[in-house]
Every structure is written in C-alpha cells, then in structure tokens.
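A.B. asks: the following comprises the amino acid sequence and a computationally predicted model.
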Amino acid sequence: MNKKRIFRLGVLTGGGDCPGLNAAVRAITKSALNDFRWRVFGIEDGFEGLVEGRMHELMNADVSGIINLGGTILGTSSRGDPWHYPVETARGRTRIADVSGRALGHFREAKLDALIAIGGDGTMNIALKFAKLGVPVVGVPKTIDNDLAATDITFGHDTAVSIAAEAIDRLHTTASSHHRVMVIEVMGRYAGWIALTAGLAGGADIILIPEIPFRWKPVFRKVRERNTQGKRFSIVCVAEGVRCPGVGVIIKGYDRKRTDPKQLGGVGAYVARKIALGARVETRVTVLGHLQRGGGPTAFDRNLATKFGVAATRAVHDGKFGTMVALRGSEIIPVPLEKAVARLKLVPPDHPLLMAARSVGTSFGDER
Ligand code: F6P
C-alpha cells in the first residue's frame, strides 16, 4: 500500500438488513479515520449503489450516535447482484443481465482502493466474484439466520432470538388463558437456529426445524399428552424453512430479481391447521416476520459488529483481501471467502442446545 497517498475505502451493506449493521459501519468508519487517516465512502443500497455509481463520503459525524440504531444508514438491497441484475427494457419489461462491468467501472472511477462488504451468504458470494476480478475486498458476516459456516455466530442473530423469545413469552400467557395451541413461525431460511434458540429460551413445547424431519403423530401426541397432564395449552415454534411431511418447504412467492428467488413463509398457518384437525384442539398462529429484523441491536450484537468492523479495517490495512472476518471462539480471524460461502451452517443433530431441549422434554416431532 502506498503510504503517501490517502487510501480510499468503500463500504456497503448488502442483502436483508439486520440489527448491528450500523454498529459495523460505525466501527469501520471510525477505525479507518482514527487509526489510519483514510477516507471512507458509503456505497448506497448495497451492490445496487456500485452498479449505479451512488456513494457518498462518510465523516465522523455521519456515524456518530448510530451504534444503537436498527437498519442501515447506507440502505441495502436484496436485488443488487451485479451478475443477476434486473434491467428495464424499452418495452417496460424486466430482464436479468450481468452488469458487473458497470459496477467495476464505478469502483475504479471513484478511485476506491478497497471494499468492505457487510452481508450474508449472498453478499459474500458477490464479494468473492469481485475478489476474483481483482477487487481488494474484505467481507463482514451478518444475518439474523446465523447460517454462515465459517463463523461461530453472525451479528443480528442474538437480537432476532431475543425478540422471538419475548414473543413466545407473550404467547404463553394468552395460550394458557384460552387453553389453545399457539404456533409461532420464525425466520431463518433453511436453518433452524432462530427457532431452536428462541424456542428453548421461551420454553416452547414443540420446535420444528429444517434439520430434523418430523412426523405429525409425535406432534399430535405431545399436544394431547400435555392436555391429559392438565397443561391445556402448548407453544409450537416453527422455523419458516421446515419441511412438512408430504409437502416439503412452503414457499410464499418468487422474486426472480433475486439470486435466490424463493420467499419462504406460510408454514405456521399450515402447521396450526394440521394440529387443529389432528389433535382436535383450538389453534392460533403468529408470524413474527420482519419484527425479528427491526429495531436496535442487543449489546451482544453491537459489540460483535464493532469487533468485526474493526477487524475488517485491520484486514484491509494488512492486505488480507479475498477474506471474511469470522469469530472462532474468542478470536476474530480472516477466512478465505471461498470457505465462507462453501456451505450453510445448519443445526447439527448433537448440538448442545438441541440435546438440552430434548432433555427438558421439548418435542422435535421425530420421537418414536
Ligand atoms: O436472511 C434473512 C431473512 O430475514 C430470512 O430469515 C428471511 O427468509 C428473509 O430474509 C426474508 O427476506 P425479505 O426481507 O426479502 O422478505
């Protein structure tokens, strides 16, 4: 790195938002300004801003007082993949095109020396493609789903779990008053981390996650058993990506402007209907949805995002490009982007949370 010239660092937040993004943007900007005297440029709306050349300089004042703020001051987009970009045709139609050359052009035009991309697996995949084109890029992992294999945890997850656990607490009181089965559908895509962690914390009686194939019989049995024990209500925590017997994953819709077009959702209502018929009980469903992603981050997420942000700036300084910062135990290390996107992190069958839940009598619908 040429020490005489002022280094210009670009930063963006891509994919779905999550609590802690602003804490990470703040940490990157502050450490770049304070530790290295660089200039920092916030790219707007994720990779969309790079394709369209939308960015602005971030000063200390821009990132002051945002550590506790939800969302992202930079804006984000789930439709900004430059290799899968929606382009309007003259006839008012949308076609998908590769506009990565445009994004690269804007990166060079802005004379950026490096890019920090904060995002989930989609963003890390795009970052990897840019790295292969020679862009000096470092990734910062975020997602409420916690499904990135290379890191012990992503920020956003702890907040989402806290919100879901509080929702379960609230459902408990109304469930017991009305003697109902309350089904709560939580996010997480193809991983069951939110459902498992929040379900256990909230004392859910049944937890259904994508990693554990379930049958209806044990689910109905658990509900009936509780009724005969005088516990005339049950809480069922369902991950949106769970596969129902004979039906599979329930898809709410498709958005072909996204790299992964599937929008999950609707399984909560399906499970509630099945339990009402199969166990002959009254059921209600709550879909927690984007409440899990809204609002400020927990203290844990603020600190993790800050540590990741500072580590990413340091990784840029040290020239560790083509990597993503990751938490391993108590250490933050750079891991190759290839490894970061190689596979999703799913709940293993012997995970301590899962074992603990089984020991306290939680059903996963797979009991004999
Ligand atoms: O990946 C985060 C996440 O919140 C998933 O849990 C969920 O399936 C998805 O994003 C929802 O995406 P959108 O905000 O585009 O509806």
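C.D. replies: Sure, I can see it. All values derive from a computational prediction rather than experimental measurement.

A.B. asks: what residues does the stretch 151-300 of the chain have near the ligand?
C.D. replies: The stretch 151-300 of the chain comes close to the ligand at residues 187, 188, 189, 240, 263, 264, 293, as judged by CB under 6 Å from any ligand atom. Heads up, the C-betas are built off the backbone N, CA and C, glycines and all.

A.B. asks: out of the residues you listed, who's nearest residue 139?
C.D. replies: Nearest to residue 139 out of these is residue 189 (CB to CB; 18.5 Å).

A.B. asks: need the three-state assignment for that closest one.
C.D. replies: coil (DSSP: H, G, I helix; E, B strand; the rest coil).

A.B. asks: show the pLDDT at it.
C.D. replies: In this model, residue 189 is scored at 97, pLDDT.

A.B. asks: now do the contacts for it.
C.D. replies: By CB atoms under 8 Å, 6 or more residues apart in numbering, the contact set of residue 189 is 145, 147, 240, 241, 264.

A.B. asks: please apply the same query to residue 150.
C.D. replies: Taking CB under 8 Å, 6+ apart as the test, what residue 150 contacts is 141, 324, 326, 335, 339, 340, 342.

A.B. asks: and the strands in the stretch 201-350 of the chain?
C.D. replies: Applying DSSP state E, counting those that start in this stretch to the stretch 201-350 of the chain gives strands spanning 206-208, 234-239, 243-244, 248-249, 251-254, 262-264, 283-287, 323-328, 331-336.

A.B. asks: still on that earlier bit, same list (the contacts of residue 189) but as a markdown table, adding neighbour count.
C.D. replies: Listed next are these as a markdown table, based on neighbours: other CB atoms under 10 Å:
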| residue | neighbour count |
| --- | --- |
| 145 | 28 |
| 147 | 24 |
| 240 | 27 |
| 241 | 24 |
| 264 | 20 |
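
A.B. asks: residue in the stretch 1-150 of the chain nearest to the ligand?
C.D. replies: Proximity of the stretch 1-150 of the chain to the ligand (CB to the nearest ligand atom) peaks at residue 16, 4.0 Å away.

A.B. asks: give the rounded mean pLDDT of stretch 177-185.
C.D. replies: Computed over stretch 177-185, the average pLDDT equals 98.

A.B. asks: can you give the distance of that stretch from its chain's centre?
C.D. replies: 27 Å (CA atoms, centre = their mean, to the nearest Å).

A.B. asks: how long is that stretch end to end?
C.D. replies: By CA to CA, to the nearest Å, the extent of stretch 177-185 from end to end equals 21 Å.

A.B. asks: same deal with stretch 238-251?
C.D. replies: 14 Å.

A.B. asks: what does that stretch contact?
C.D. replies: With contacts defined as CB under 8 Å, 6+ apart, stretch 238-251 is touched by 183-192, 194-196, 207-210, 213-216, 262-268, 270-271, 274.

A.B. asks: got the buried residues for the helix or strand hosting residue 103?
C.D. replies: Using DSSP states H and E, residue 103 sits in helix 100-109. For helix 100-109, burial by neighbour count (16 or more other CB atoms under 10 Å) applies to 100, 102, 103, 104, 106, 107.

A.B. asks: closest to the ligand out of the residues of the stretch 151-300 of the chain next to the ligand?
C.D. replies: Nearest to the ligand out of these is residue 187 (CB to the nearest ligand atom; 3.1 Å).

A.B. asks: residues touching that closest one, list them.
C.D. replies: 144, 145, 160, 194, 239, 240, 264, 288, 289, 292, 293.

A.B. asks: rewinding a little: name only those of the contacts of residue 150 that count as buried.
C.D. replies: Here, 16+ other CB under 10 Å leaves 141, 324, 326, 335, 340 buried among these.

A.B. asks: count of neighbours near the nearest residue to the third one once chain neighbours are set aside?
C.D. replies: Closest residue to residue 326 apart from its sequence neighbours, by CB to CB, 6 or more residues apart in numbering: residue 151 at 3.7 Å. The tally of other residues near residue 151 (other CB atoms under 10 Å) stands at 22.

A.B. asks: just the pLDDT for residue 151.
C.D. replies: Reported pLDDT for residue 151: 97.

A.B. asks: what's the mean pLDDT across the helix holding residue 103?
C.D. replies: 98.

A.B. asks: tell me, how many residues neighbour the residue of the stretch 1-150 of the chain closest to the ligand?
C.D. replies: Residues lying near residue 16 (other CB under 10 Å) number 21.

A.B. asks: again, but for the one 5 residues further on
C.D. replies: Using other CB under 10 Å, residue 21 has 29 neighbouring residues.

A.B. asks: contact partners for it?
C.D. replies: Residues in contact with residue 21 (CB under 8 Å, 6+ apart) are 13, 71, 72, 74, 76, 118, 142, 156, 305.

A.B. asks: just the ones of these in helices?
C.D. replies: residue 305 (DSSP state H).

A.B. asks: in the stretch 251-368 of the chain, which spans are helices?
C.D. replies: 267-279, 299-317, 337-341, 352-359 (DSSP state H, counting those that start in this stretch).
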